[in-house]
Each structure stands twice: as C-alpha cells, then as structure tokens.
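# Here is the input, now give the coordinates:
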Amino acid sequence: MTRLANRKEDLVVVSARILIYGSVMLGGALLVQLYSVVPAWLFTSVLVGWMLYLVVAVLAYRGNRLAYPAALVISIVTLLVSLPQPEHYALLGQGATPAAFTFIIGSAIQVGVIATVAGHLILDRKRRLVKS
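Coordinates of the predicted model:
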C-alpha cells in the first residue's frame, strides 16, 4: 500500500476517534440537560447508551478494532431513536437553546461517526485484502 493510502487511512481513523470522543463529551452534556426534565426510565436508558459509547471510546483509544463496528451500530441506533421524536424538533422552534444546540450538533456528530467509521472499515478491508 502506498504512503498516501496509509495517510488517508490514518486521517480517517483519527477523524473517527475525534468524533467518537466528541459524542461522548456531548453525551455528558446531554445527561446534565436531561436529568431534571425527563422520567427516570428515560434518563436511565440514555445513561446506559452513553456508558456503552464511553466503553467504545476507550476501546478506540486503545486501538481495539471492535470499537469501530460498535461505534457504527451505536451511532445508527442513536439516530434511529432520536430523529423521529417530534419533541426534538419542537426544541428547534424555541430558538438557540442549549437543548437545540445539543440536538443539532449531536445528530451531526452521529452522521460524522457513521461516515468516518464506514470509511475506515472500507479502507481497512481493502488493506487486509491487499496483504493476503
């Protein structure tokens, strides 16, 4: 594989990691926002999801290859759960609030995670096929 291809793969991996870490940080802010305004069962389910994402971030930091497919699944599930909720769009109608900011940026980060992780998985597969 060429040096340029290695740099491209490295850039994709670094981008994916940054977005995964960003998602965990924004998820922490989301937990603070949700704590007093949602039922306990909903807060607990979001907390469990955030903890899973935190585990994925640690795995990504350690270079564990399983982190990337897990991040892809968690990001897709996050969007599938979050985007259909009319309450989230009602937040946007309230103007530039922290909740609206969290929804918009969080959704964008999840799309970024999906794109970069998918790119990484494709490049990694190509690299492994060339080696064998």
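
# So which other helices or strands are in contact with the longest helix along the chain?
If you go by DSSP state H, the chain has its longest helix at helix 98-131. The contact analysis (3 or more C-beta pairs under 8 Å, 6 or more residues apart in numbering; DSSP states H and E) places helix 98-131 against helix 3-34, helix 67-82, helix 86-93. The C-beta positions use only the backbone N, C-alpha and C, and glycine is treated the same way.

# Of all the ones you listed, which one is nearest residue 115?
Checking those against residue 115 by C-beta to C-beta gives helix 3-34 as the closest, at 8.8 Å.

# buried sites along the closest one?
Of all the residues in helix 3-34, those buried under the rule 16 or more other C-beta atoms under 10 Å are 9, 12-13, 15-17, 19-24, 26-27, 30, 34.

# And stretch 76-83, by the same measure?
78-79.

# Over to stretch 51-58?
Result for stretch 51-58 [16+ other C-beta under 10 Å]: buried residues 53-54, 56-57.

# which one among those gets closest to residue 129?
Within the set of these, residue 56 lies nearest residue 129; the separation is 25.4 Å, counting by C-beta to C-beta.

# What distance do you get for the closest one to residue 94?
Separation of residue 56 from residue 94 (C-beta to C-beta, to the nearest Å) stands at 31 Å.

# what number of residues lie near residue 86?
Counted with other C-beta atoms under 10 Å, the neighbours of residue 86 add up to 6.

# what's the answer for the one 5 residues further on, then?
By the measure other C-beta under 10 Å, the count of residues near residue 91 is 17.

# please renumber so the chain begins at 86
In the new count, where the first residue is 86, that last one comes out as residue 176.

# For it, which residues are in contact?
182, 184-185, 188 (C-beta atoms under 8 Å, 6 or more residues apart in numbering).

# which outside residues touch stretch 163-173?
Here stretch 163-173 has contacts from 134, 188, 191-192, 195-196, 199, using C-beta under 8 Å, 6+ apart.

# Export it to CSV, keeping only CA atoms.
What follows is stretch 163-173, C-alpha atoms only, in CSV (Å, rounded to 0.1, in the frame of the first residue of the first chain):
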residue,chain,number,x,y,z
THR,A,163,-28.9,6.8,18.3
LEU,A,164,-30.1,8.5,15.1
LEU,A,165,-33.0,5.9,14.7
VAL,A,166,-34.2,6.7,18.2
SER,A,167,-33.6,10.5,18.2
LEU,A,168,-34.6,11.7,14.8
PRO,A,169,-38.2,10.5,14.8
GLN,A,170,-39.0,12.3,18.1
PRO,A,171,-41.3,15.3,17.5
GLU,A,172,-40.2,16.8,20.8
HIS,A,173,-36.7,17.2,19.4
